[in-house]
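Chemist: dropping the sequence and predicted coords here.
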Amino acid sequence: MAIRHFLSLMDLSREEINSVIERAIELKALRNQGIATEPFRDKVLGMIFEKSSTRTRVSFEAGMAQMGGSALFLSPRDTQLGRGEPIEDSARVISRMVDMVMIRTFGHNVLERFAAYSKVPVINALSDSFHPCQLLADIQTYVEHRGSPTGKVVAWVGDGNNMCNSYINAARQCDFELRIACPEGYEPDEAVLAAAGDRVTIVRKPVDAVRGADWVATDVWASMGQETEQAVRLKAFEGFLVDHELMSHANERAVFMHCLPAHRGEEVSGELLEDESISVVWDEAENRLHAQKALMEFLQENSR
């Protein structure tokens, strides 16, 4: 049995994703009942952060502690990673000392190079290309609130960023229709889009994406590393605010998601974000914890 990594949703089969989601829901219920599970006793997760984080760090660190293990926070400022040591050398050393590694970085190639030389599972905790852990949480949240996403219509409103790319992969893995509303010049990755075939369509008006949708999602218009583009992006995304008026075109039981942090009044209205009859963002944020615990358990059990 080979080492299993999780660099994108495509690293798991559709059946494996369903299994991880089911286990995440089960682990959430056990935690709410005060029942502890400790499959990671004496296990250590190495957490490499090249990008800042709130939900990612708290969810992985808390998840390891709750399941009997521990986590090490590693930043470029505190390690040789920030002083030019080759990624391949770091991978070979770190993976001999810990049982799993999660990396939050910029270039996706960093993850691929690290995984190629790692002796333990590597998890993509966010790269400029994908954010698969967030999608596990999003899928779990939809299942909890509305059941299976198979056959549903999902609308993405905003930038064709790493989250959008992961939603495209989710459309393939969960068998739903995805409509992406983005301005010209802000489309998702061409190769990721092409691989999805006719399962995904690009439109220019948010209402065309949201009309009849069961699930609507968005993200900030300027991701980490794009702060200098903020003014240009604010102009490009005029009319892409997700609010109650836009949601009125979706199905009556549609839910709204946002991976957070949110810029109220830009990509989402504060009123919609706080409307818990539509917005499930707080459950979505919490589910990072449970989905990642289930993922780590899966990778541990399915790697030699």
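Modeler: That came through, no problem.

Chemist: other SSEs contacting the helix or strand encompassing F256?
Modeler: Using DSSP states H and E, F256 maps to strand 255-258. The contact analysis (3 or more CB pairs under 8 Å, 6 or more residues apart in numbering; DSSP states H and E) places strand 255-258 against helix 132-146, strand 215-218, helix 270-274, helix 281-301. Quick note: C-beta positions are derived from backbone N, CA and C, even for glycine.

Chemist: quick one: strands adjacent to the second one?
Modeler: Here strand 215-218 is paired, per DSSP bridges, with strand 153-157 (parallel), strand 255-258 (parallel).

Chemist: wait, E229 touches K235, no?
Modeler: No - contact status for E229 versus K235: not in contact, 10.4 Å apart, counting by CB atoms under 8 Å.

Chemist: which one's more surrounded, the two?
Modeler: E229 (13 against 8; other CB atoms under 10 Å).

Chemist: got a pLDDT number for the more buried one?
Modeler: We note a pLDDT of 81 for E229 in this prediction.

Chemist: hey, what's the residue lying closest to E267 once chain neighbours are set aside bridged with?
Modeler: Distances taken as CB to CB, 6 or more residues apart in numbering place T218 nearest to E267, at 4.9 Å, with adjacent residues excluded. Here T218 sits in beta bridges with V157, H258, as judged by DSSP bridges.

Chemist: pLDDT weak spots in the stretch 151-300 of the chain?
Modeler: 224-226 (pLDDT under 70).

Chemist: ok, L136 touching A24?
Modeler: Yes - with contacts counted by CB under 8 Å, L136 reaches A24, the gap being 7.1 Å.

Chemist: what's the overlap in contacts for those two?
Modeler: In the contact map built from CB atoms under 8 Å, 6 or more residues apart in numbering, the residues linked to both L136 and A24 are N287, A291, A294, L295.

Chemist: between those residues, which has the most around it?
Modeler: Top of the shared contacts of L136 and A24 by neighbour count (other CB under 10 Å): A291, with 29 neighbours.

Chemist: and that residue, how far from G63?
Modeler: A291 sits 9 Å away from G63, taking CB to CB, to the nearest Å as the criterion.

Chemist: alright, calling it a day.
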